[in-house]
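>>> I would like the atomic coordinates for the input below:
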Amino acid sequence: MRNYWSTVSHLLPAYIFDMALRLVGKKPRLVRMFGKIHKAVACIEYFTTHEWDFPASNVGSMMHEMSSGDREVFYLDAREVHWPSYIENYCLGMKKFLLKEDLDNLPRARRHQRRLNIVRYAFNTVLLAVIWRFVIANSRLAGGLWHMVLNLVFKFVRFFRMTSSR
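Below you'll find the predicted structure:
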């Protein structure tokens, strides 16, 4: 299933886009980029698709027996880890050491990813609105449900507006 999805959603559009780039005289790049992505996924697939259980029954007793100086040197308490920065460093390490990519273009890549997310959200919103409008236009039941939900939302908004002003 994953191979089908990656072919339909990645490779097919990449080949079409690269063909269009060649027609306008530019260098194709998406097939190569998706090749890198699929290589990275293949490298970490074993570790992300299996469950790992590391018993840590002795860590608590070891931490209790350590001196305060040893606790600062040998940091063992995972509750104190700042997970967002840990995950970011993990991803940056994978990009640098596993994919062998340069980190100098990271700000530009983040801006580009933000733009792609905006395009994706806008496309999904428009698609949902078109499908929803088609369902409402062709179904009396769906139209009635939609109007009922909107009326309830407006009643709640009016109710909370009235109670918050008191």
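
>>> so where is the protein shaky, pLDDT-wise?
For the chain, the stretches with pLDDT under 70 are 1-2, 162, 164-166.

>>> Nearest residue to the middle of it?
Nearest residue to the geometric centre of the chain (CA atoms, centre = their mean): residue 117, 9.5 Å.

>>> which SS state does residue 25 fall under?
Here residue 25 is recorded as coil under DSSP: H, G, I helix; E, B strand; the rest coil.

>>> now it: how far from residue 14?
18 Å (CB to CB, to the nearest Å). Where you see a C-beta, it was placed from the backbone N, CA and C, and this is true even at glycine.

>>> Between those two, which is the more surrounded one?
residue 14 (19 against 6; other CB atoms under 10 Å).

>>> Give me the number of neighbouring residues for the closest residue to that one other than its chain neighbours.
Distances taken as CB to CB, 6 or more residues apart in numbering put residue 30 closest to residue 14, at 3.8 Å, once the chain neighbours are dropped. Applying other CB under 10 Å, we find 17 residues neighbouring residue 30.

>>> How about the contacts made by residue 30?
Each residue near residue 30 by CB atoms under 8 Å, 6 or more residues apart in numbering is listed here: 13, 14, 15, 17, 18.

>>> cutoff 10 Å now
10, 11, 13, 14, 15, 16, 17, 18, 20, 21 (CB atoms under 10 Å, 6 or more residues apart in numbering).
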